[in-house]
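S.K.: Starting from these lines, generate the structure:
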Amino acid sequence: MNRIPIDTHRSLFFVIFGVFEALLLGAVVVHWSVDPRGLSGLDDAAGVTFWFSFLGLSIVSWLLRRGAPRLAVVGFATVLTCFVVCSFLPAVK
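M.R.: Numbers count the residues shown, from 1 in each chain. As a prediction, the model looks like this:
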């Protein structure tokens, strides 16, 4: 039995996909919950995390489009939805 679960490129991409997905959704939740009038570094950290995970999830989804097309579609939908939500967010608050 193999002790390391990341033994192929595809499973490595699945793990990286999960990490970027969690970071992206976490950054969107922080953007939604932080008060924009307050001067905190949390908003800046969430913005940097959002763009890092946005770019990473886009790249990983692009690489998974042939190996796991359903997961790639979920990734692209999440990226698009989070981008739209964050672009309209300052106008809502």
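
S.K.: Spatially central residue in the protein, please.
M.R.: Nearest to the geometric centre of the chain sits Leu24, at 2.9 Å (CA atoms, centre = their mean).

S.K.: Flag the shaky bits of the chain, pLDDT-wise.
M.R.: 1-7, 35-36, 38-39, 89-93 (pLDDT under 70).

S.K.: Spell out, range by range, the strands that occur in it.
M.R.: Using DSSP state E, no strands are found in the chain.

S.K.: Now do the contacts for the residue nearest to the centre of the chain.
M.R.: Phe50, Ser53, Phe54, Leu57, Thr78, Val79, Cys82 (CB atoms under 8 Å, 6 or more residues apart in numbering). Using the backbone N, CA and C atoms, a C-beta is placed for each residue, glycine as well.

S.K.: Pull the contacting residues for the closest residue to it other than its chain neighbours.
M.R.: Spatial nearest neighbour of Leu24, excluding adjacent residues (CB to CB, 6 or more residues apart in numbering): Ser53 at 4.0 Å. Residues in contact with Ser53, defined by CB under 8 Å, 6+ apart, are Phe20, Glu21, Leu23, Leu24, Ala27.

S.K.: can you rerun that using 7 Å?
M.R.: Going by CB atoms under 7 Å, 6 or more residues apart in numbering, Ser53 touches Phe20, Leu23, Leu24, Ala27.
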